[in-house]
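> Here is my input, please return the structure:
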Amino acid sequence: MYELPVALRGDVTWLDVAPAAGSLAAGEAASLTVTFEAMGLSPTLYSATLVLAVDRPGWAGVRVPAILTVGTGHLYYYLPLVMRGG
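Numbering: from 1, shown residues only. The predicted model follows:
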């Protein structure tokens, strides 16, 4: 069984992850809901790092970039992640 607490690095009032922690057995998969909230943000680029800590010897964890670009009348986001217990 692997514990997967999620930490956010950076100024992340615009980003939320749920659940914030969980467990995976070998071969299991889990889903996280990542919410980008652009309401009230000034047009610019926002970045943070999601850190999934893995409670397994020899594993440093997984860092995933989260990028939100807010413009006038549009926004773009980037979050690459697929993870399975192994």
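> Pick out the residue nearest the middle of the chain.
Central residue of the chain (CA atoms, centre = their mean): L50, 3.8 Å from the mean position.
> Quick check: nearest residue in space to that one, chain neighbours excluded?
V64 (4.3 Å; CB to CB, 6 or more residues apart in numbering). C-betas here are computed from N, CA, C, even on glycine.
> just the strands in the protein please.
Residue ranges of the strands in the chain, as given by DSSP state E, are 2-3, 6-9, 15-18, 23-24, 33-36, 44-52, 62-71, 74-78.
> now the ones you listed in TSV, with mean pLDDT?
Formatted as TSV, the strands of the chain follow (pLDDT from 0 to 100):
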stretch	mean pLDDT
strand 2-3	52
strand 6-9	69
strand 15-18	86
strand 23-24	76
strand 33-36	86
strand 44-52	86
strand 62-71	85
strand 74-78	72
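> Just give the number of residues close to the nearest residue to P65 once chain neighbours are set aside.
In this structure, P65 finds its nearest non-sequential neighbour in T49, 6.0 Å apart by CB to CB, 6+ apart. Using other CB atoms under 10 Å, T49 has 14 neighbouring residues.
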